[in-house]
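3D model of this:
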Amino acid sequence: MRALKTARARRTTAALAAAAAAALFSAEAAAQDPFDFLFGGGFDGPRRYRRAPEPRRSERPPPRKRDGAAQTQTKRQDQQAPGAPGTTGAPAAPSGPEGPPPPYDPQITRLSEVLGALAFLRDLCGSGDGEEWRGKMSALLDADAPSGARRQRLMASFNHGFRGYELTYRACTPNAKAVISRYLAEASRLTRDITYRYGNP
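Got it, this is the predicted structure:
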């Protein structure tokens with residue numbers, strides 16, 4: 001029964017990712033806006049998302065006065081390495097196992113990095129649509145990795161692509177325009193690959 005649920009969850013995840021990937025880039029509109037299919041065309045800017053609530057930290061009650069022996073024992077515990085047996089500063093256990101990554105994880109990670117680079121370069125070269133690319137990445141994250149460590153990895157890939165070109169380019173150059181064209185083609189190829197290989201469960 002559990003294996004059946006796991007198989008269904010994987011198929012559902014693969015189908016969502018394939019739908020998102022297929023929608024990201026259409027072959028004939030790759031140079032214009034590869035996300036027209038996903039958002040129905042005429043993307044009017046980034047979607048506004050509510051900020052996720054931050055986890056609450058448990059508040060400690062004010063310290064009580066203790067006798068000398070209790071204070072020395074507390075000091076010894078505080079001096080031990082974090083996570084050592086007998087300490088209260090042990091790291092919290094993870095909320096649950098995440099499971100294996102989907103088979104298209106390398107492609108979607110690369111796609112995230114390409115989107116980050118495009119977000120910077122298209123803005124730099126006068127397109128002025130950097131916020132749209134961020135919104136598109138948010139839509140991809142919502143479709144494929146709504147939460148957890150996987151979402152963090154995809155966001156890190158996006159930021160890596162963005163910052164890599166931010167450090168390199170200060171002005172739009174012919175080379176920057178060539179990189180934009182190359183990345184649009186690569187993103188289109190990645191999307192087709194994900195769709196054709198993993199889209200049909």
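
Which other helices and strands does the host helix or strand of S181 contact?
Using DSSP states H and E, the element containing S181 is helix 174-198. For helix 174-198, the packing partners by 3 or more Cβ pairs under 8 Å, 6 or more residues apart in numbering; DSSP states H and E come out as helix 2-24, helix 105-124. Every C-beta, even on glycine, is put in place using the N, C-alpha and C of the backbone.

Compare the mean pLDDT across the ones you listed and name the weakest.
Here the helices and strands packed on helix 174-198 differ in mean pLDDT, and the lowest is helix 2-24 at a mean of 54.

buried ones in stretch 159-174?
159, 161-162, 165-166, 169, 172 (16 or more other Cβ atoms under 10 Å).

Next: stretch 116-129.
116-125, 129.

Could you do stretch 189-201 as well?
Residues of stretch 189-201 classed as buried by neighbour count (16+ other Cβ under 10 Å): 190-192, 194-195, 198-199.

CSV for those, including pLDDT and distance to A149?
Listed next are the buried residues of stretch 189-201 as CSV, based on pLDDT from 0 to 100; distance: Cβ to Cβ, whole Å:
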residue, pLDDT, distance to A149
L190, 90, 22
T191, 85, 24
R192, 90, 27
I194, 86, 20
T195, 84, 25
Y198, 82, 21
G199, 77, 24
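
wait, which of those is closest to I108?
Comparing these against I108 with Cβ to Cβ places I194 closest, at 6.7 Å.

isn't that closest one right up against R110?
No: assessed by Cβ atoms under 8 Å, I194 is found out of contact with R110, at 10.2 Å.

Touching both of these two, which residues are there?
Common contacts of I194 and R110 (Cβ atoms under 8 Å, 6 or more residues apart in numbering): none found.
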